[in-house]
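# Quick one: sequence and predicted model below, then my questions.
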Amino acid sequence: MMPMANALAPTVLVAASFVLAASASEAATVRDCRDCPAMILVPAGSFMMGSRREDATREGTSEERATMERPKHEVAIRSAFFIGVSEVTRNQFAAFVEAAAYRPQGACTTYDRALSAFAASAMRNWESPGFKQTGRDPVVCIDWRDATAYANWLSVKNGKHYRLPTEAEWEYAARGGTQTSRYWGDGRATACAYANVADSAGRRARGDQAPIAEFFPCTDGYAFTAPVATFTANAFGLYDVIGNVWEWTQDCFNPSYTGAPANGAAWLSGDCSRRIARGGSWTSPARHVTVTFRDPDPASYRSSYLGFRVARDR
């Protein structure tokens, strides 16, 4: 992902897991420890993964990028799995850093107000991404290895298999049973009710010089990241699968879906120096903020618009 031009009920302890019910209309979520991400069980099922040619035409996606989302193909997710209700937050990542004495190393690409552009800086990191965040904002400036290390730590801590979602699992969960480009539909006008996206207010706040056509025609109230679960969840009860920050998946980069696993497994052949990120962010061009857009990034890449959510085997 290259930069653009640049009412909770009381917690009940059950079988060593914290079971939280937000309301009678929402599915129960499970938290394996007090500072672990809340997880929700996504049922097994089949779906059509990828996009159609008319989607690329509507979104203005280049043919090279659109080819990465084809061929549209059926994927059967054969086992239910848990996935984070939201992206991993700063507070949750901080608990890992403290407990494991883990120190992410390397520069982070962040927004430089003076340049009105993104630039890599050794002075920026997950604690200082160049803008204010709360502990409930998604952690950013995290590369694929950092995200994997966090998932491994959770596995050891809780005795359960945490991991990054596979790309197919991610899209299946993000769609929430839909076949449109975004879980609320194909349009852009209502995006700000559902997601923290690159909107006109954010453009002005950042002094962003990218063409106005790159932005969503609405105002979501955030120029940078937003606290997780601020906007409307999809049908599976997941927040921020579109916008806020890009999310790492397990999969290696392949330039199309030709030969892709049809069972929801991670695709672990191809260019594994790059991994696929999904969902778009607070600064992404609108055409990138869909449930199908795939972005290959170096596994060592960190940016202030890139984070992650975790999955867990049942």
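Perfect, I can see it now. All values derive from a computational prediction rather than experimental measurement.
# quick one: low-confidence ranges for this protein?
1-27 (pLDDT under 70).
# got the contact list for Thr258?
Each residue near Thr258 by C-beta atoms under 8 Å, 6 or more residues apart in numbering is listed here: Pro71. Where C-beta positions appear, they are placed from N, C-alpha and C, glycine not excepted.
# Am I right that it is in a strand?
No - going by DSSP: H, G, I helix; E, B strand; the rest coil, the assignment for Thr258 is coil, not a strand.
# Would you list the phi and psi of it?
When read as degrees, to the nearest 10, the backbone of Thr258 gives phi -60, psi 120.
# cool, and Ala100?
phi -100, psi 0.
# and if you look at Gly50?
Torsion angles, degrees, to the nearest 10, at Gly50: phi 110, psi -170.
# Also Thr110?
Dihedral angles (degrees, to the nearest 10) for Thr110: phi -130, psi 170.
# Roughly how far does it sit from Val88?
As judged by C-beta to C-beta, to the nearest Å, Thr110 and Val88 stand 19 Å apart.
# Now do the contacts for the nearest residue to Ala262 once chain neighbours are set aside.
Spatial nearest neighbour of Ala262, excluding adjacent residues (C-beta to C-beta, 6 or more residues apart in numbering): Val75 at 5.6 Å. Counting by C-beta under 8 Å, 6+ apart, Val75 makes contact with 46-49, 168, 172, 261-264.
# at 6 Å instead, please
49, 168, 262, 264 (C-beta atoms under 6 Å, 6 or more residues apart in numbering).
# those helices in this structure, which residues are they?
In the chain, the helices defined using DSSP state H lie at 53-59, 63-67, 90-100, 144-158, 167-175, 200-206.
# what comes up buried for the second one?
Of the residues in helix 63-67, those buried under the neighbour-count criterion (16 or more other C-beta atoms under 10 Å) are Ala66.
# helices or strands next to it in the packing?
Helices and strands touching helix 63-67, by 3 or more C-beta pairs under 6 Å, 6 or more residues apart in numbering; DSSP states H and E: there are none.
# What are the buried residues along stretch 198-205?
In terms of neighbour count (16+ other C-beta under 10 Å), stretch 198-205 has its buried residues at 198-203.
# repeat for stretch 44-56
Residues of stretch 44-56 classed as buried by neighbour count (16+ other C-beta under 10 Å): 47, 49-52, 55-56.
# now do stretch 205-220
206, 208, 210, 214-216, 218, 220.
# surely Ser116 meets Ala210?
No - counting by C-beta atoms under 6 Å, Ser116 stays clear of Ala210, with 9.3 Å between them.
# Nearest spatial neighbour of Asp32, chain-adjacent residues omitted?
That would be Asn158: by C-beta to C-beta, 6+ apart, it lies 4.3 Å from Asp32.
# roughly how far apart are the one you found and Ser269?
On the measure of C-beta to C-beta, Asn158 and Ser269 end up 30 Å apart.
# cool, and Trp282?
Distance from Trp282 to Ser269, by C-beta to C-beta: 32 Å.
# what's the farthest-apart pair in the buried residues of stretch 198-205?
Ala198 and Ala201 (10.0 Å; C-beta to C-beta).
# still on that earlier bit, just the buried residues of stretch 198-205 now: which is nearest Ser62?
Ala198 (18.0 Å).
# what's near enough to touch that closest one?
215, 283-284.
# what pairs with Asp112 across the strands?
The partner list for Asp112 in beta bridges (DSSP bridges) reads Ala117.
# That one contacts Ala119, doesn't it?
Yes - if you go by C-beta under 6 Å, Asp112 and Ala119 touch, sitting 4.8 Å apart.
# ends of stretch 186-195, how far apart?
End-to-end distance for stretch 186-195: 14 Å, by C-alpha to C-alpha, to the nearest Å.
# what does that stretch contact?
Under the contact criterion C-beta under 6 Å, 6+ apart, stretch 186-195 has outside partners 180, 184, 197, 199, 216-220, 231-232, 242-243, 286.
# Quick check: the farthest pair among those?
Among these, Thr180 and Thr219 lie farthest apart (C-beta to C-beta), at 22.4 Å.
# Any idea which residue is closest to the centre of the protein?
The centroid of the chain falls nearest to Glu247 when counting by C-alpha atoms, centre = their mean (2.9 Å).
# quick one: the nearest residue to Ala95 once chain neighbours are set aside and Phe81, what's the gap?
Nearest residue to Ala95 in three dimensions, chain neighbours excluded: Asp35, at 4.1 Å (C-beta to C-beta, 6+ apart). Taking C-beta to C-beta as the measure, Asp35 falls 22 Å from Phe81.
# Have a look at those two and say which one is more surrounded.
Phe81 (23 against 17; other C-beta atoms under 10 Å).
# give the contact list for that one.
Phe81 sits next to 42, 311 when contact means C-beta under 6 Å, 6+ apart.
# The one 5 residues further on now?
The contact partners of Ser86, by C-beta under 6 Å, 6+ apart, come to 228-229, 239-240.
# if we go to 10 Å?
By C-beta atoms under 10 Å, 6 or more residues apart in numbering, the contact set of Ser86 is 29, 37-38, 40, 92, 136, 138, 227-230, 233, 238-241, 244, 309.
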